[in-house]
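> No sequence on hand, only this structure:
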């Protein structure tokens, strides 16, 4: 009897093992095809019966993680780390992200510390190492928004909004068919299509939601739509199609591509995948720069740093495209960076689970520098971000009204769209502005090229003075900057400035001196160099050091132009007596001429005398109450050209 029982147990055990392995194999096939919901059902039933496997725990944890069920992810990553305390880098980070998402911050930091120690070269480890107090920074960035339900959500997934022409466009899984609704095997939800709703101009509230009835919405996923300003072109994300079927890569993974459509006679036509997309990798979530010359997007194309990176590509005037460029390690990590959005203030908003955050995807903002690099990346704070996935952030830089998507607790569906008003800027912002003029004449200089540098002499922005000679840059409070002004026929000038620590405006006028000065008989040579007066000590006529510096400029011109002749005129203001001023100005004119002669100028090339107060340039004559500045206008030296 014992032997029979033992034999039965062996047979049952063999059958159980075969059955369990069969289920494991079945689950693995579904996992590789992104059938994540089925994986959870298959693998979890097996695991709950006591079957232990590192690979099983990884796939279970990932299945929950990728569907933003972080409680489930923590459960299975716990089992994974109990089985293997040193798995691959990816699992440390996913485990920590999941722990943060469930409020276990201390344990998350412990896992991140281990991650940092074991994978020092991973960019996420470096970010954590360089930002040990990131939670304090996130807290400081919080409390800046008023957030409300956008009024367009359903019990299904709604996400990825875009506002154009008083309409809000977004993706929704609420309805993907009439009698037969198709579910996506990855999430167990209906496939998404593009919907829109009018936005009331007075209240800002959306009206009834409509599904777009056009060729843009097809059988499978469409999402993240963006229009050009003229409304004649639209870009959007859609499942890849090959011969009318879902396109998959070599691993049988369904891919997505960015598509383009043109508006003709009120209908969207010529729907085509963009030329840089592929049947071998995904591209999605397009965003346009304000000048519409650059597209930003997310992709896992070859050369990507992480699971998905943010790229940019130029859009040429003929509608063709350049070559995709990865935005680099300043923004992209080994994790996921996705859903870019660009503002007119050269800011890039994006979602990431690779930068230090609160868990899942968080929204971050960075500065796009003139050379295209990204700097000053910051988490936008806990108003927007949560322990769950927060993404697809857009904002109007003028009204500071915007939208974002999230699966945070309290929503109607798995993903919901929220509307917000940013009540306080993330950074203390100043407007640095001024007028560019000719140093001698005061004439405005439109078309001057202006370049803004930070304290490390890195280019931050550039522009051109407008028709009124004005320029303007957005800068950060409390920082040091310099502005370089360049214009043909003028000497390049760079002016430094320290911005105050409170929001406001800083005025920085820039006066340029001519590098090429065109003169004729009758012109004042002194204006070429901005020489308004030759300085003398009070009541004296001997040449001071400051005066000698300016006279050296005159001397050099005379040396380069041996036929030029000058009449040197000295003027005073009206204070003191007429006789005294006349005598003083005569002595000063003579002292100027003598200095030039002593330094090699022929006497017959120079004439001059003093004019005292006889040629005032304003009404500051005797007994007229004038300011010191007004009197100074009359105390001047002139170098009038009398021969060439």
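Looks like it came in fine. This structure is a prediction, so every number in the text was calculated from the model and none was measured.

> Return the set of buried residues in stretch 584-604.
Neighbour counts over stretch 584-604 (16 or more other CB atoms under 10 Å) mark 584-593, 595-596, 601 as buried. Placement of C-beta: from N, CA and C, glycine included.

> and what of stretch 262-270?
Applying 16+ other CB under 10 Å to stretch 262-270 flags 263, 268 as buried.

> Now do it: distance from first to last residue.
End-to-end span of stretch 262-270 (CA to CA, to the nearest Å): 6 Å.

> Need the contact partners of it.
214, 215, 216, 231, 232, 233, 234, 260, 261 (CB atoms under 8 Å, 6 or more residues apart in numbering).

> and the residue most central in space within the chain, what is it in contact with?
Taking CA atoms, centre = their mean as the criterion, residue 347 is the residue nearest the geometric centre of the chain, at 2.3 Å. By CB under 8 Å, 6+ apart, the residues touching residue 347 are 365, 366, 367, 368, 397.

> ok, the fourth one to residue 229 distance?
Plainly put, residue 368 is 19 Å away from residue 229 if you go by CB to CB, to the nearest Å.

> Repeat that for the third one.
As defined by CB to CB, residue 367 lies at a distance of 23 Å from residue 229.

> Which one's more surrounded, those two?
Shown here are residue 367 and residue 229; by other CB atoms under 10 Å, residue 367 has more neighbours (19 against 12).

> got a list of what the more buried one touches?
Contacts for residue 367 were tallied using CB under 8 Å, 6+ apart; they are 346, 347, 348, 374, 375, 376, 460.

> in what helix or strand does it lie?
Assigned by DSSP states H and E, residue 367 belongs to strand 362-368.

> tell me the pLDDT at residue 9?
The confidence metric pLDDT takes the value 25 at residue 9.

> wait, what's in contact with the residue nearest to residue 527 when sequence neighbours are not counted?
Spatial nearest neighbour of residue 527, chain neighbours left out: residue 440 (4.1 Å); criterion: CB to CB, 6 or more residues apart in numbering. For residue 440, the contacting residues are 513, 514, 527, 528, 529, 530, by CB under 8 Å, 6+ apart.

> Tell me how many other residues crowd residue 283.
Neighbourhood size, residue 283 [other CB under 10 Å]: 26.

> I'd say residue 393 and residue 342 touch.
No - at 11.5 Å, residue 393 and residue 342 do not qualify as touching, with contact defined as CB atoms under 8 Å.

> Confirm residue 569 sits in a strand?
Yes - with DSSP: H, G, I helix; E, B strand; the rest coil as the criterion, residue 569 is located in a strand.

> where does the protein have low pLDDT?
Residue ranges of the chain with pLDDT under 70: 1-42, 176-190, 241-254, 535-546, 632.

> mind giving me the domain ranges of it?
2-140, 145-422, 429-512, 525-643 (automatic domain parsing).

> picking that back up, show the backbone phi and psi for the residue nearest to residue 527.
Per-residue torsions, residue 440: phi -80, psi -50 (degrees, to the nearest 10).

> how far away is it from residue 43?
If you go by CB to CB, the gap between residue 440 and residue 43 works out to 81 Å.

> Please apply the same query to residue 435.
According to CB to CB, residue 435 stands 69 Å off from residue 43.

> Mind checking what secondary structure the closest residue to residue 506 other than its chain neighbours has?
In this structure, residue 506 finds its nearest non-sequential neighbour in residue 432, 4.9 Å apart by CB to CB, 6+ apart. Judged by three-state DSSP, the three-state class of residue 432 is strand.

> quick one: the strands in the stretch 451-600 of the chain?
Assigned by DSSP state E, counting those that start in this stretch, the strands in the stretch 451-600 of the chain fall at 459-464, 470-476, 480-486, 493-498, 504-507, 510-512, 565-571.

> cool, the stretch 301-450 of the chain as well?
Along the stretch 301-450 of the chain, the segments classed as strands by DSSP E, counting those that start in this stretch run 309-314, 325-326, 337-342, 347-352, 362-368, 374-379, 390-395, 401-406, 416-422, 429-438, 449-454.

> The third one pairs with which strands, and in what direction?
Strand 337-342 has the following sheet partners, assigned by DSSP bridges: strand 347-352 (antiparallel).

> and the strand it pairs with, how far from the chain's centre?
From the chain centre to the centre of strand 347-352 is a distance of 8 Å (CA atoms, centre = their mean, to the nearest Å).

> Out of the contacts of residue 440, flag the one nearest to residue 556.
Sorting these by distance to residue 556 puts residue 529 at the head of the list, at 9.8 Å, by CB to CB.

> ok, that closest one - contacts?
440, 513, 517, 550, 553, 554 are the contacts of residue 529 under CB under 8 Å, 6+ apart.

> what sits against the third one?
So the one you mean is residue 517. Shown in contact with residue 517 (CB under 8 Å, 6+ apart): 527, 528, 529.

> could you redo the last one with a cut-off of 10 Å?
Applying CB atoms under 10 Å, 6 or more residues apart in numbering to residue 517 gives the contacts 440, 489, 490, 523, 525, 527, 528, 529, 557.

> Which among those residues count as buried?
Among the contacts of residue 517, those scoring as buried are 440, 490, 525, 527, 528, 529, 557 (criterion: 16+ other CB under 10 Å).

> Report the secondary structure state of residue 139.
Of the three states, residue 139 takes helix according to three-state DSSP.

> thought it was touching residue 381?
Yes - assessed by CB atoms under 10 Å, residue 139 is found in contact with residue 381 at 7.9 Å.

> The two - which one has more neighbours?
residue 381 (21 against 13).

> Can you spell out which residues form a bridge with residue 464?
residue 449.

> Begin at 251, not 1, for the rest of this chat.
I'll keep to 251 as the first residue from here, and by that count the last item is residue 714.

> now the strands of the stretch 551-700 of the chain in TSV, with distance to residue 869?
As requested, the strands of the stretch 551-700 of the chain are exported to TSV (distance: least, CB to CB, whole Å):
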stretch	distance to residue 869
strand 559-564	60
strand 575-576	63
strand 587-592	56
strand 597-602	53
strand 612-618	52
strand 624-629	53
strand 640-645	55
strand 651-656	55
strand 666-672	53
strand 679-688	25
strand 699-704	37
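
> Grab the nearest non-local neighbour of residue 373.
Nearest non-adjacent residue to residue 373 (CB to CB, 6+ apart): residue 583, at 4.6 Å.

> so what's the backbone phi/psi at the one you found?
phi -120, psi -180.

> Next up, the contacts around it.
343, 372-377, 555-557, 559, 602-605.

> Look up how far residue 698 lies from it.
Here the criterion is CB to CB. By it, residue 583 lies 40 Å from residue 698.

> Just give the nearest non-adjacent residue to residue 801, would you?
residue 845 (5.7 Å).

> Wait, that neighbour touches residue 858, no?
No - using CB under 10 Å, residue 845 makes no contact with residue 858, being 11.6 Å away.

> The protein: helices as residue ranges?
Using DSSP state H, the helices found in the chain span residues 252-282, 286-298, 304-316, 320-333, 339-351, 355-368, 373-380, 384-390, 795-810, 828-848, 878-884.

> could you dump those to CSV with distance to residue 655?
CSV is the format used below for the helices of the chain (distance: least, CB to CB, whole Å):
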stretch, distance to residue 655
helix 252-282, 26
helix 286-298, 20
helix 304-316, 17
helix 320-333, 17
helix 339-351, 16
helix 355-368, 24
helix 373-380, 23
helix 384-390, 19
helix 795-810, 64
helix 828-848, 75
helix 878-884, 60
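
> Quick check: which of those helices is nearest to residue 425?
Of these, nearest to residue 425 by CB to CB is helix 286-298, at 20.0 Å.

> Please verify my assumption that the residue nearest to residue 756 contacts residue 725.
Yes - counting by CB under 10 Å, residue 682 does reach residue 725; the two are 4.7 Å apart.
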